[in-house]
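Enquirer: model the structure of this input:
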Amino acid sequence: MDSFVSSRQHHLQNAIVRDFGSVQEFRHAFFRTAQRGGKNDCVWFLVAPDGALKITLTKRRYIPKGSVLLCVDLWDSGRISFTPESNDQKIRRHWRAIDWNTVALRYDALMLRVPHYPAP
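Expert: Below is the predicted model of the structure:
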């Protein structure tokens, strides 16, 4: 998520600032969590049952409790790579490919369905 935010991303950005302090802190938290992961892990960005945004790491694609907004699969055994890629490089590549408008639309749709979550 860049410093420029489309109108679709406004509610998501407000929720990120509410729960992480800033978009930059959210990005750092996401990368720190992903860097702890191994090749069979997934990093999840989700709305927890209490309504807070969370970043969590699971083994072997186990889905955590909450409503998933984004999942980054760190699993790399299923593809052939001719150049070794560090976990950090893989995370950065995934990060650049995220369509934040889609993530924001998922967040907005969830907020419409579950009105008891805290407002951003």
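
Enquirer: need the mean per-residue confidence for the helix or strand harbouring Leu12.
Expert: Using DSSP states H and E, Leu12 sits in helix 10-20. The average of the pLDDT scores along helix 10-20 is 93.

Enquirer: which positions within the helix or strand following it qualify as buried?
Expert: Using DSSP H and E, the helix or strand that follows helix 10-20 towards the C-terminus is helix 23-36. Burial within helix 23-36, assessed by neighbour count using 16 or more other Cβ atoms under 10 Å, is assigned to Val23, Phe26, Ala29, Phe30, Phe31, Thr33, Ala34. Bear in mind the C-beta positions are built from the backbone N, C-alpha and C, glycine included.

Enquirer: quick revisit: any buried residues in the helix holding Leu12, and which?
Expert: Quick answer for helix 10-20 (16+ other Cβ under 10 Å): Leu12, Gln13, Ala15, Ile16, Asp19, Phe20.

Enquirer: can you name every helix or strand that it contacts?
Expert: When contacts are defined as 3 or more Cβ pairs under 8 Å, 6 or more residues apart in numbering; DSSP states H and E, helix 10-20 sits against helix 23-36, strand 53-59, helix 100-113.

Enquirer: give me the buried positions along the last one.
Expert: This means helix 100-113. Buried-residue list, helix 100-113, by 16+ other Cβ under 10 Å: Trp100, Val103, Ala104, Arg106, Tyr107, Leu110, Met111.
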